[in-house]
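A.B. asks: Sequence first, predicted model second:
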Amino acid sequence: MTDRGRVKERLLPAAYRLNTYEVFMTWDCNLRCVYCYECVAGKDTAERREEKKGAMTSEKITEVVNFIAETHDKNAKELRIIFWGGEPFLAFEQIKEMIAKIEQAQADGRIEKEVSYTTTSNLTVLTLEQMQYLQTKRFSILVSFDGLEKTTDQNRGKGTFAKVIKNMALLHGLRIPFSIRMTVSLEQIDSLGRNLEFVNDLGHKFWWSLDSTKKTLAQDDIEKILNILLWFHQSYPNNFAETLSRHLRKRDKNFCIDPYRQITIDPAGDLRVCSRVDYVIGNIREGVTKYSEIRDWPFYSGKPLKICADCLVYDKCKGGCLGEHFEKNKNLSADYKLNTAQCQEILMMHLLNENLILKQQYASLKKEEEKELCHIPTI
């Protein structure tokens, strides 16, 4: 066994084949969105930020790059680095430093694959000069944006809309790939249709997501949102295909990520299952140290809890979001059955898909009937 193989064996159990690293550059954020889901174990995001101020240090960045070099799957087609926060671009200099060190590791032969970079950003602090740097890298951005000015500023703070619109135009002009994630807040259902139309008319790829800070949806909410989505996706079928591909694609094991191929690293260098789970499973110096404690979680094992067996959408959600269950129940053995926003979002997409398919089939049959009637000979 090579020295690199021995290092990897020391840091990771054999089941891991990492090709994606989600790196928290900072917990800090310049906005205070009303539905911020970066709240862990019931803690308010402001309290969390007070506890963990600041961006990743230069020393820690070096250690993270070493960890990536030592643990990445040599058989992967490419490596993917996801910069996360807080607002990741508040730590722009740290992002540049990490990319430079990854490129040096590639030049040294310690990282053997092509590397792509992506992030989720509120897009309010990014400057033109910074965009020009991103233009030179394999970088893409998921922009958090909620639609019309009134909706966006109400959710994210006054003036947010104008900044995001301006910076999306700059990204588009520089041909930096980006798409939009529009969060649907239950408090704004009445304006949902107008917001969907507005974002769609911008002409960029986008998909919507339900406010995941709400743990349950009332039946009236489901029916109301579903009717609006049916109208929208019938009117704009191209977006329907884009959204469904994200929600209803076949999932062999997990709801959101494959935990054996993706891992999260926080600013302190601690390892986590994903950004939503406030449970440390190791660190970048010692590797995954709690595998024996977590390998039987449904998220890892792929074995459903009995209570999920008859669920309408289990084959799509695979038990829901581990982070939400952990936050809500403080364990992984409580009721999984449609008790998280992600489970309900999958249910919403399932109902939406079924309704649209039925409507399309009905329209097709009606067209065929009309065609046949046109060919009936008159006597």
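C.D. replies: Done, it's in.
A.B. asks: Report how many residues lie close to residue 353.
C.D. replies: Around residue 353 there are 17 other residues, counting by other CB atoms under 10 Å. Yep, even glycine has a C-beta here, placed from its N, CA and C like the rest.
A.B. asks: any idea whether it is helix, strand or coil?
C.D. replies: Assigned with DSSP: H, G, I helix; E, B strand; the rest coil, residue 353 falls in the helix class.
A.B. asks: Quick check: it vs residue 54, distance?
C.D. replies: 44 Å (CB to CB, to the nearest Å).
A.B. asks: for residue 29, same thing?
C.D. replies: Distance, residue 29 to residue 54, by CB to CB: 13 Å.
A.B. asks: One more: residue 114?
C.D. replies: Residue 114 sits 31 Å away from residue 54, taking CB to CB as the criterion.
A.B. asks: what's the answer for residue 126, then?
C.D. replies: Using CB to CB, residue 126 is found at 20 Å from residue 54.
A.B. asks: what does residue 290 give?
C.D. replies: With CB to CB as the criterion, residue 290 and residue 54 are 26 Å apart.
A.B. asks: Residue ranges in this structure under the pLDDT threshold?
C.D. replies: For the chain, applying pLDDT under 70 flags the ranges 1-5, 37-53, 212-217, 219, 239-256, 304-346, 356-379.
A.B. asks: Helix, strand, or coil at the residue lying closest to residue 191 once chain neighbours are set aside?
C.D. replies: Sequence neighbours aside, residue 151 is the residue nearest to residue 191 in space, at 5.9 Å (criterion: CB to CB, 6 or more residues apart in numbering). Three-state call for residue 151 (three-state DSSP): helix.
A.B. asks: was I right about residue 151 contacting residue 188?
C.D. replies: Yes: using CB atoms under 8 Å, residue 151 is in contact with residue 188, at 5.7 Å.
A.B. asks: what's the overlap in contacts for these two?
C.D. replies: Jointly contacting residue 151 and residue 188 under the rule CB atoms under 8 Å, 6 or more residues apart in numbering are residue 195.
A.B. asks: The two - which one has more neighbours?
C.D. replies: Ranked by neighbour count (other CB under 10 Å), residue 151 and residue 188 place residue 151 first, with 24 against 19.
A.B. asks: Next, find the distance separating the more buried one from residue 353.
C.D. replies: 26 Å.
A.B. asks: ok now do the residue nearest to residue 191, which residues does it touch?
C.D. replies: 185, 188, 191, 195.
A.B. asks: Hmm, residue 209 and the first one touching each other?
C.D. replies: To tie it back to what came earlier, the one meant is residue 185. No: in this structure, residue 185 is not within contact of residue 209 by CB under 8 Å, at 10.5 Å.
A.B. asks: These two: which has the busier surroundings?
C.D. replies: Between residue 185 and residue 209, counted using other CB under 10 Å, residue 185 has the larger neighbour count: 20 against 17.
A.B. asks: Excluding chain neighbours, give the residue nearest to the more buried one in space.
C.D. replies: The shortest distance from residue 185 to any non-neighbouring residue, by CB to CB, 6+ apart, is to residue 211 (4.8 Å).
A.B. asks: follow-up on the earlier one: any chance of the contacts of residue 151 in TSV with distance to residue 176 and secondary structure as columns?
C.D. replies: What follows is those, written out as TSV (distance: CB to CB, whole Å; DSSP: H, G, I helix; E, B strand; the rest coil):
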residue	distance to residue 176	secondary structure
185	28	coil
188	29	helix
191	29	helix
195	24	helix
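A.B. asks: Just the closest of the residues you listed to residue 91, please.
C.D. replies: Set against residue 91, the nearest of those by CB to CB is residue 185 (27.5 Å).
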